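Visitor: Provided below are the primary sequence and the corresponding predicted coordinates.
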Amino acid sequence: QVQLVESGGGWVQAEGSLRLSCTGPGRTVSTSAMGWFRQTPENGREFVAGIEWSGRATYYADSVRGRFTISKDNGKNTLYLQMNSLKPEDTAVYYCAAGLKTGYRALLRPDSYNYWGQGTQVTVSS
């Protein structure tokens, strides 16, 4: 079973920034389409951002577009999520996921992904 590992979560004040990272065994990240999701008790698991395996196309939830940037370094087999202008409503456990499907409609669905990380907590205070 492939296990992804997230890092970079923590506590930050509103309008601050954090960068999340996600790595996996072998070339999992470099050869997969990747996504970031977040989960809260109130909203369940929701799509945040996705990126095609090549890195040439990216997709964002409306709530984070313009503030968050997803990217991947295939040479380092690492996925990133740069989060700027953070808001208290961004507080959640953030998960990275890897899969083989392509296109926006596929990448926004949790069931399109084969492998997941354990999650990292992001807390934004007002």
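Guide: The structure has been received and is ready for your questions. Numbering: from 1, shown residues only.
Visitor: From now on I want contacts and neighbour counts done on CA atoms only, so please keep to that.
Guide: Fine.
Visitor: ok, now which ones touch Val122?
Guide: Contacts here follow Cα atoms under 8 Å, 6 or more residues apart in numbering; on that basis Val122 touches 9-12, 90-94.
Visitor: for Ser32, same thing?
Guide: Ser32 makes contact with 52-53, 98-100 under the criterion Cα under 8 Å, 6+ apart.
Visitor: I am assuming Val124 contacts Ser17, so please confirm or correct that.
Guide: No: look at Val124 against Ser17 with Cα atoms under 8 Å: they stay out of range, at 9.6 Å.
Visitor: Name the residues contacting each of these two.
Guide: Residues touching both Val124 and Ser17 by Cα under 8 Å, 6+ apart: Leu86.
Visitor: the more surrounded of those two?
Guide: Set side by side, Val124 and Ser17 show more neighbours around Val124, with 20 against 17, by other Cα atoms under 10 Å.
Visitor: chain center to the host helix or strand of the more buried one, what's the gap?
Guide: Val124 belongs to strand 120-125 when assigned by DSSP states H and E. On the basis of Cα atoms, centre = their mean, to the nearest Å, strand 120-125 sits 14 Å off its chain's mean C-alpha point.
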